[in-house]
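>>> coords please:
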Amino acid sequence: MRWDRFFEDLEDQLDSEWEAERAALDSEAERLRLSRITLRERPVAVAGEGEGAVSFDLCDETVLVGRVSAVGADWVAVAPEPRGDAVLVPLSAVVALGLTQIDLVGSARGASAGPALRRRMTFGFVLRDLARKRIPVRVQIATGRSLTGTIDRAGADHFDLALHDAGAPRRRGEVAGYRLVTFAAVASVRPEAPAALP
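Below is the predicted model of the structure:
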């Protein structure tokens, strides 16, 4: 009878050690998974499904509050609350995200790369579409300065902006000058006319 009790105690001890080892392995696997999550994947997880609005602290010290409407390769489109047209924000301009606790945890658990086509749409791709459609924009620069005009061309890491008043069309007589703007200097791009961002 004593031996039976002895072996039961040994089995219980081995079970406890096995559970502890499995829990440690699970914890390490979770830490490894979390270490591979990129900033881009967090807004993908809350796009259209989040519990509340997300606040984006940008490099120009502005805070943009709204719902994530789309996420591309290196940008996020935010629909400001209570209403407004989507604002295009390069991920490089995001300093911090403010999320509800549920969205914060959920975005870490449900982090994914998102739709394959959107993952290939770069900031330059979207700017080229705005240029093609001749949509006037307000460009917020990281220094806090704001430029209004129409994007004429978008290259790999910069774009050409014809400066004119926000309400004026891009006509030769209305253009006050031109700026070549680097993508790295952009905090946000807001269409001044209704535009459907991808």
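>>> Break the chain down into its structural domains.
For the chain, automatic domain parsing gives the domain ranges 1-36, 41-112, 123-191.
>>> Quick one: those as CSV, columns for mean neighbour count and mean pLDDT too.
In short, each C-beta sits where N, CA and C put it, glycine included. Converted to CSV, those look like this (neighbours: other C-beta atoms under 10 Å; pLDDT from 0 to 100):
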stretch, mean neighbour count, mean pLDDT
domain 1-36, 10, 69
domain 41-112, 18, 86
domain 123-191, 17, 93
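>>> Off-centre distance for stretch 138-148?
Distance, stretch centre to chain centre, for stretch 138-148: 19 Å (C-alpha atoms, centre = their mean, to the nearest Å).
>>> send the alpha carbons of it over as CSV?
Output of stretch 138-148 as CSV, limited to C-alpha atoms (Å, rounded to 0.1, in the frame of the first residue of the first chain):
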residue,chain,number,x,y,z
ARG,A,138,-3.5,69.4,-47.5
VAL,A,139,-0.1,68.0,-46.6
GLN,A,140,0.9,68.2,-43.0
ILE,A,141,4.7,68.4,-42.7
ALA,A,142,6.5,66.9,-39.6
THR,A,143,7.7,70.4,-38.7
GLY,A,144,4.1,71.5,-38.2
ARG,A,145,3.8,73.4,-41.4
SER,A,146,0.8,72.8,-43.7
LEU,A,147,0.9,72.9,-47.5
THR,A,148,-2.1,72.9,-49.8
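>>> All further residue positions should be reported with the first residue as 50.
With the count now opening at 50, the last piece we talked about shows up as stretch 187-197.
>>> which residues sit against it?
The contact list for stretch 187-197, computed with C-beta atoms under 8 Å, 6 or more residues apart in numbering, reads 107-111, 142, 185-186, 198, 210, 212-215, 228, 230, 233-239, 241.
>>> Let's see that with 6 Å instead.
With C-beta atoms under 6 Å, 6 or more residues apart in numbering as the test, stretch 187-197 has contacts from 108-109, 215, 234, 236-239, 241.
>>> got it, and stretch 143-162?
Defining contact as C-beta under 6 Å, 6+ apart, one finds that stretch 143-162 is touched by 86, 90-91, 93-95, 99-101, 103-106, 108, 168.
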